[in-house]
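Undergrad: Starting from these lines, generate the structure:
(one chain, ligands or ions: 1)
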Amino acid sequence: MSEYDAIIVGGGPAGATVGTLLAEKGRKVVILEKEKFPRYHVGESLMPFCYFTFERLGVIDKLNERAYTNKHSVQFVTKDGRMSAPFYFFQHLDHPAATTWQVKRSEFDEILLDNAREKGAEVREETQVVDFLYEGDTVVGVTAKGKDGESYELRAPITVDASGRDSLFQTKRRWRKRDPKLKKIAIWTLYKGAKRDPDLDEGATTVAYLDDRGWFWNIPMKDDIVSSGIVAERDYLYKDTRDPKSIFEREIENNAWIKDHLSCGEQFGEYWVTGEYSYRSEHCAADGIVLVGDAFAFLDPVFSSGVFLALKSGEMAADAIDSALQKSDTSSVAFSDYGERLCQSMETMRSLVYAFYDEGFSFGKLVRKHGDLRGTLTDCLIGDLVDKDYGPLMEAIGGLASLPEALPYGRTAAKSSA
Ligand SMILES: Cc1cc2nc3c(=O)[nH]c(=O)nc-3n(C[C@H](O)[C@H](O)[C@H](O)COP(=O)(O)OP(=O)(O)OC[C@H]3O[C@@H](n4cnc5c(N)ncnc54)[C@H](O)[C@@H]3O)c2cc1C
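TA: Take a look at the predicted model:
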């Protein structure tokens, strides 16, 4: 007998979304989170289409109350500091979703996790999942360790891996496949008092180019804080030192806009570094388990798609789980449709990411050559990705950049091996 309908590993945006939506459907769920919230997390810039999941979760008012910096646009800046015309979301989307936020993730993630609790999910913080329980090949639960250090077992017909980049299940099964080309690393930190652009552009996400298609992000947040980071090839970043602070300071000199904006601010806190960039799991589900958010796949963050994909995959997985529980069949085939739709959405974003890194490509060039596709491009940048065919846009981008073949993996274990 299982005490729960679903066990969720990880209480980030993906896990909290699955937990909230299943609890609202009357399912008995437990979310096991190894940290005590609030905890620091990178990934502050949201995409407009996060709005629709927030609406389903019932958190729009709570997010509005926090008065996060409004993000109306994304803008691209050349090395010598020339800025492209910003992509204003409201020019294309006549909906409150067109204004999104730059959030403080520690607070934002706590809002989502508290909301899951309020909606009826049981949340156990400082509880680390250390292993999965099997009956034959089917996952039937987890072994967890509470803050007293004691291990115990929990069982449920479905387990959800929402453990983020730790990717507990795909690591244990050796399912992680790195993206063949997107082998970047990131170094980032925070600033107080950095320069902000005026009016509507105050909260814009800025992507500023470096040599070799590396780039800086500049994310202005509330409390006069800016999140600033570099993404580039390892060899380029580590060419003369491995000290993150020295690398960061060296690269500030390489983009005029970044130098102008950061020089009046004061850096504080750590310099964080992450490698092992983009990856996708061989499979998105096996019998008794489904993978969501970064625990399934991670895509280079140049278009701020991570939180959106975490929320959306959480939403789609919750619906698939509910219907699987109704049919008393949580084998991997219940997640075939989930895997197809999620992989298709990720491929659209992945093609845009490949184009971004292609020497021959720029958004300016694309829009000058195909002015009629500016709106369609904005659709991608705002996160309108699920169940959408971007054939004509991809054809146009393909004329300027070399686009990747769709990855042949990421579907359910049953379907892929059939
Ligand atoms: C450098 C960088 C910049 C980024 N910038 C952006 C951005 O600007 N915008 C954007 O949208 N996205 C960005 N992202 C991506 C974004 O951070 C992630 O996609 C998003 O946080 C994924 O949410 P998640 O819920 O899947 O995972 P997470 O938010 O990582 O949550 C996973 C949770 O699982 C818990 N956990 C892990 N292992 C266990 C375990 N064994 N037992 C129990 N709990 C466990 C963790 O403590 C964590 O709280 C960026 C990522 C990186 C690396």
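
Undergrad: Output the contacting helices and strands for the strand or helix carrying Thr171.
TA: Of the helices and strands defined by DSSP states H and E, Thr171 is found in helix 168-172. For helix 168-172, the elements it packs on are strand 128-135, strand 158-161, strand 289-291, judged by 3 or more C-beta pairs under 8 Å, 6 or more residues apart in numbering; DSSP states H and E. (C-beta placed from N, C-alpha, C; glycine too.)

Undergrad: Would you mind pulling up the elements that the helix or strand that that helix is followed by packs against?
TA: The element immediately downstream of helix 168-172 (helix or strand, assigned by DSSP H and E) is strand 176-178. In terms of contacts (3+ C-beta pairs under 8 Å, 6+ apart), strand 176-178 is packed against strand 279-281.

Undergrad: Output the contacting helices and strands for the helix or strand just after the strand it packs on.
TA: Past strand 279-281, further along toward the C-terminus, the next helix or strand under DSSP H and E is strand 285-286. Packed against strand 285-286, as judged by 3+ C-beta pairs under 8 Å, 6+ apart, are no other helices or strands.

Undergrad: Mean neighbour count, distance to Gly375 and mean pLDDT added to the helices and strands packed on helix 168-172, as TSV?
TA: Written out in TSV, the entries for the helices and strands packed on helix 168-172 read as follows (neighbours: other C-beta atoms under 10 Å; distance: least, C-beta to C-beta, whole Å; pLDDT from 0 to 100):
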stretch	mean neighbour count	distance to Gly375	mean pLDDT
strand 128-135	16	44	98
strand 158-161	30	36	98
strand 289-291	31	33	98
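
Undergrad: how about these, which one is nearest the ligand?
TA: Among the helices and strands packed on helix 168-172, the nearest to the ligand by C-beta to the nearest ligand atom is strand 128-135 (3.8 Å).

Undergrad: The closest one pairs with which strands, parallel or anti?
TA: Using DSSP bridges, the strands paired with strand 128-135 in its sheet are strand 138-145 (antiparallel).

Undergrad: Quickly check: the strand it pairs with near the ligand or not.
TA: No - figure legend: strand 138-145 not in contact with the ligand (C-beta under 6 Å from any ligand atom); closest approach 7.3 Å.

Undergrad: Let me have the helices and strands packed on helix 168-172 in TSV, adding distance to the ligand as columns.
TA: What follows is the helices and strands packed on helix 168-172, written out as TSV (distance: least, C-beta to the nearest ligand atom, whole Å):
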stretch	distance to the ligand
strand 128-135	4
strand 158-161	9
strand 289-291	10
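
Undergrad: Residues of the protein that sit close to the ligand?
TA: Counting by C-beta under 6 Å from any ligand atom, the residues of the chain that sit close to the ligand are 9-15, 32-35, 41-46, 128-129, 162-166, 168, 186, 188, 229, 274, 293-295, 301, 304, 306-308, 310.

Undergrad: Turn the helices and strands packed on helix 168-172 into JSON lines, including distance to Ala414.
TA: Formatted as JSON lines, the entries for the helices and strands packed on helix 168-172 read as follows, by distance: least, C-beta to C-beta, whole Å:
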{"stretch": "strand 128-135", "distance to Ala414": "16"}
{"stretch": "strand 158-161", "distance to Ala414": "15"}
{"stretch": "strand 289-291", "distance to Ala414": "12"}
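
Undergrad: on that earlier part again, for the residues of the chain next to the ligand, which ChimeraX command selects only the ones that are buried?
TA: Under the burial definition 16 or more other C-beta atoms under 10 Å, those of the residues of the chain next to the ligand that qualify are selected in ChimeraX by:
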select :9,10,11,12,13,14,15,32,33,34,35,41,43,44,45,46,128,129,162,163,164,166,168,186,188,229,293,294,295,301,304,306,307,308,310
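
Undergrad: In strands only, show me the residues of the chain next to the ligand.
TA: Residues of the residues of the chain next to the ligand located in strands (DSSP state E): 9, 32, 128-129, 186, 188, 229, 274.

Undergrad: Nearest to Lys119 among these?
TA: Closest approach between those and Lys119, by C-beta to C-beta: Leu32, at 17.0 Å.

Undergrad: ok, that closest one - contacts?
TA: By C-beta atoms under 8 Å, 6 or more residues apart in numbering, the contact set of Leu32 is 7-11, 124, 127-129, 142, 144, 154.
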